[in-house]
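> model this:
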Amino acid sequence: MLGSYAFGFNLHNIIHEFGHAVTIWLQGGHMTGFYFHPFNACYNFSTSVPNHIFLYAGGAYIGGLSTIIFAILAWRFRTPLMVPLVAACSAGLTTTARWMLTTPFSDVFTDYSSMVALGVPLTFIILSGVIFLFIGVAVRILYLPLVGISQKTGLGRRLIIYLLGILPYYVGGCVYHNITKGSNFLAMAPSLGIVAVFLAIEAIFSKLLPQWVSFFRSINPARVRTSHVWAAWLGFIILLAVMLIVSTTPE
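As a prediction, this is how the structure comes out:
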């Protein structure tokens, strides 16, 4: 699951930036470069455009929401090979939701803080965050059978799969910032703790939700083979290479 999450997280970042690019092209602007990084902020460079609210909104509301197509494809092709694409939807939307929902409490520059500064109501951003979070969590729980989790899988095993399949990626990000930027790893521990608690809560819901809503029992558990795991990691490595190749800075 970790390889799938790493692939999906970064694929979503790429699509997010292309969502911004769409708004730039629609306003007659031109892209001059992209920068992608697995553990750092991703961004783009372009000529000036008149509507900055539309520009900032493009990443989440065009790019992010477009990843729902991956969930639709997974409904058609119910194989573990679809898990990395499902992760692009679920990981991307839940991460976007986190930035939206923390907008009132953070001084970090984000698309959403910029939208609020330009006059978009904060309530709209918060409501969007709730919707993104709901969709992202629902998609992840719906397709858990593709990583071998059945209705009979106990809570303990679910917790292990969630924590080992997602949390190490965030730990890797913290290690990167600690090494390259001198950030205090211990100061990042509370953020990692929040992620761990959220994943634990979601793991609990992943056990309960299929009992409450029959729709979440629609997909039969798949047998995850070693080849599926290696395919996810190979996809991640290839994606990293592509990110490195296309990343540039404006002249």
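
> low pLDDT regions in this structure?
183-187, 249-251 (pLDDT under 70).

> Kindly recompute the last result at 80.
Counting by pLDDT under 80, the chain contains low-confidence ranges at 1, 41, 106-108, 176-177, 179-191, 248-251.

> Within the helices and strands, which one has the residue lying closest to residue 118 once chain neighbours are set aside?
Distance criterion Cβ to Cβ, 6 or more residues apart in numbering; nearest residue to residue 118, sequence neighbours excluded, is residue 53 at 5.1 Å. Heads up, the C-betas are built off the backbone N, CA and C, glycines and all. For residue 53, the enclosing helix or strand under DSSP states H and E is helix 52-58.

> After that helix, which helix or strand is next?
Following helix 52-58 in sequence, per DSSP H and E, is helix 65-66.

> Going by neighbour count, which residues of stretch 64-82 are buried?
Residues of stretch 64-82 classed as buried: 64-67, 70-71, 74, 80-82 (neighbour count, 16 or more other Cβ atoms under 10 Å).

> residues in contact with the stretch of helix or strand residue 74 belongs to?
Following DSSP H and E, one finds residue 74 within helix 68-76. For helix 68-76, contacts defined as Cβ atoms under 8 Å, 6 or more residues apart in numbering pick out 82-83, 85-86, 88-90, 135, 139, 142-143, 146.

> Would you quantify the distance from residue 53 to residue 66?
Separation of residue 53 from residue 66 (Cβ to Cβ, to the nearest Å) stands at 19 Å.
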